[in-house]
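Participant: using only what follows, build the 3D model:
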Amino acid sequence: MRNKIQSASALTLLSSALIVLLLSTASSAAGQDQPTVAKDSVQVTAFTLNVYRGNYDVWSWVPRIEFRVNGPIPSGGQLYVEFIQPGTGPWVKFDCRTEETQKGYWWETKCGGRDIPEDKGSTYTGPVNFAIKMRNELSGTDATLFTGKMKVAKAHSNESGPKVVNHFVYFVDHDWNLPIGYVFVTPDEVYGWKKTTLNVAFWARGEYQGNFQPHLFYQGKEVGKVSFEGREVGQPTCDPEVENGTTLSVADTVPQKATWVRVRCRFFNVQGWDRTGEGPGMFGPLHQLDKNPGEYEFKVLWNNRLARSIKFTAGADGKFDNGIASSNKLGTDRTIVPVQIIGDQDGQWDRTAWKTDAFYGNPLSGFTAAP
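Facilitator: Next comes the predicted model:
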């Protein structure tokens, strides 16, 4: 399926085995003459194999990756990924499904994991380098689009007994994500970019349980609350957008089950702007950012306890670009904002990882984590 860019945030995989094109408004990406990787789309995980060199008493792992490329991808272009272990050189290299993609469109792919032969499985843990590349045998070119580094760790499985002592489940450490959040608007299903909805996304540690309650404040007062006949309508919702977990179950003692999830919250009663020219609906006018510029604060209750605070500024145009995403060539239309982590529901995590490990060894310039 091939569609013109409308919203880089409308990422929905139609199938775990298929790669799809979706809508986005990444104007910076649309202006590129060369293919670029959207940094916040790169997600690398460890796929645990229940065998190592024919021995089922020892488990191993291979890499799995998904990412999005902003076009153009020319005819004959082929995306592929290389992984390198320190001290051993090249480890695995595999192609990713690729299709020709014109400028102003983007292509998303996922590859590796189960498709990598078992004899490539490794028991190594530690830093691993990788590169996303594109070759074109028609033109005789081979270019590197993105380079990164991940940290691989392991935890014991949820099994017990003498024969499972070496049954380790492998995972990639994503603590660097926690202080980094996103604020963005998405287009209306009917009116497109004439009317937009506010979205906020943040990361949390642990399996998603659907127990997040988002709230938005402007000048100290909560906004986006609409009632009809004594009941609130259009309540904001939160859903898992990305989940980086393990492919096999880990022991209950493993903190937050070695899982990180990006949660996306949508405020249906808060608009970036409404340029349709139509009057208010049956519930009256909704809160519009362009008509109420200034400082906002997003707060979320997690298990009924305050867990996150994100502050951002909306301009008179209803947008909030602070320059961090564009200066770091993020490749999407999302605005990067610092996230204040409140409470202890994420467990123990590395609060300095973002300085060196963000976006797999591509830390953000101009970004400072919230206290």
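Participant: what about the strands in the stretch 101-250 of the chain?
Facilitator: For the stretch 101-250 of the chain, the strands defined by DSSP state E, counting those that start in this stretch occupy 106-112, 126-136, 141-156, 168-172, 180-188, 192-205, 212-218, 221-223, 226-228, 231-233, 237-244.
Participant: the third one - contacts with which helices or strands?
Facilitator: Pointing back at strand 141-156 there. strand 36-37, strand 43-49, strand 60-70, strand 126-136, strand 168-172, helix 353-361 (3 or more C-beta pairs under 8 Å, 6 or more residues apart in numbering; DSSP states H and E). Using the backbone N, CA and C atoms, a C-beta is placed for each residue, glycine as well.
Participant: at 6 Å what do you get?
Facilitator: Here strand 141-156 touches strand 126-136, strand 168-172, helix 353-361, going by 3 or more C-beta pairs under 6 Å, 6 or more residues apart in numbering; DSSP states H and E.
Participant: repeat that for the second one.
Facilitator: Packed against strand 126-136 by the contact rule (3+ C-beta pairs under 6 Å, 6+ apart) you find strand 77-85, strand 141-156.
Participant: pick the most deeply packed of those strands.
Facilitator: Mean neighbour count, computed with mean count of other C-beta atoms under 10 Å, is highest for strand 77-85 among the helices and strands packed on strand 126-136, reaching a mean of 19.
Participant: list the strands paired with that strand, with their directions.
Facilitator: strand 89-95 (antiparallel), strand 126-136 (antiparallel) (DSSP bridges).
Participant: got the contact list for it?
Facilitator: Residues outside strand 77-85 that contact it (C-beta atoms under 6 Å, 6 or more residues apart in numbering): 63, 65, 90-93, 95-96, 98, 124, 128-136.
Participant: then it to CSV, C-alphas only?
Facilitator: Only the C-alpha atoms of strand 77-85 are listed here, as CSV (Å, rounded to 0.1, in the frame of the first residue of the first chain):
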residue,chain,number,x,y,z
GLY,A,77,17.4,0.0,-4.3
GLN,A,78,17.8,-2.7,-1.6
LEU,A,79,17.9,-2.0,2.1
TYR,A,80,20.0,-4.2,4.3
VAL,A,81,21.5,-4.2,7.8
GLU,A,82,24.9,-5.3,9.2
PHE,A,83,25.6,-6.2,12.8
ILE,A,84,29.2,-6.3,14.2
GLN,A,85,30.3,-7.7,17.6
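Participant: relative to strand 60-70, how tilted is that strand?
Facilitator: Between strand 77-85 and strand 60-70, the angle comes out at 140 degrees (axes from the mean of the first three to the mean of the last three C-alpha atoms, to 10 degrees).
Participant: strand 77-85 - what's its average pLDDT?
Facilitator: For strand 77-85, the mean per-residue pLDDT is 97.
Participant: also stretch 163-176?
Facilitator: 96.
Participant: tally up the residues packed near the closest residue to residue 184 other than its chain neighbours, please.
Facilitator: Once flanking residues are discounted, residue 184 sits nearest to residue 334: 4.4 Å by C-beta to C-beta, 6 or more residues apart in numbering. Residue 334 has 22 neighbours, counted by other C-beta atoms under 10 Å.
Participant: surely residue 334 meets residue 181?
Facilitator: No: Residue 334 lies out of contact with residue 181 (C-beta atoms under 6 Å); the separation is 9.4 Å.
Participant: count the neighbours of residue 340 for me.
Facilitator: Residue 340 sits with 18 neighbouring residues when counted by other C-beta under 10 Å.
Participant: correction: residue 279
Facilitator: 6.
Participant: same thing with residue 213?
Facilitator: 17.
Participant: deepest of the strands of the stretch 101-250 of the chain, which one?
Facilitator: Comparing these by mean neighbour count (mean count of other C-beta under 10 Å), strand 168-172 ranks first with a mean of 25.
Participant: quick one, that one and strand 141-156 angle?
Facilitator: Calculated by the same axes, to 10 degrees, strand 168-172 forms an angle of 130 degrees with strand 141-156.
Participant: strands paired with strand 168-172, and their directions?
Facilitator: strand 141-156 (antiparallel).
Participant: low-confidence stretches in the protein?
Facilitator: 1-32 (pLDDT under 70).
Participant: so which helix or strand takes in the residue lying closest to residue 288 once chain neighbours are set aside?
Facilitator: In space, and not counting its chain neighbours, residue 288 is closest to residue 271: 4.8 Å by C-beta to C-beta, 6+ apart. Residue 271 is part of strand 260-274, with elements assigned from DSSP states H and E.
Participant: tell me which residues of that strand are tucked away?
Facilitator: Buried residues in strand 260-274, defined by neighbour count with 16 or more other C-beta atoms under 10 Å: 260-267, 269-274.
Participant: with distance to residue 46 as added columns, please give those residues in a markdown table.
Facilitator: Output for the buried residues of strand 260-274, formatted as a markdown table (distance: C-beta to C-beta, whole Å):
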| residue | distance to residue 46 |
| --- | --- |
| 260 | 13 |
| 261 | 16 |
| 262 | 18 |
| 263 | 22 |
| 264 | 24 |
| 265 | 28 |
| 266 | 31 |
| 267 | 35 |
| 269 | 40 |
| 270 | 38 |
| 271 | 41 |
| 272 | 38 |
| 273 | 42 |
| 274 | 45 |
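Participant: that'll do, ta.
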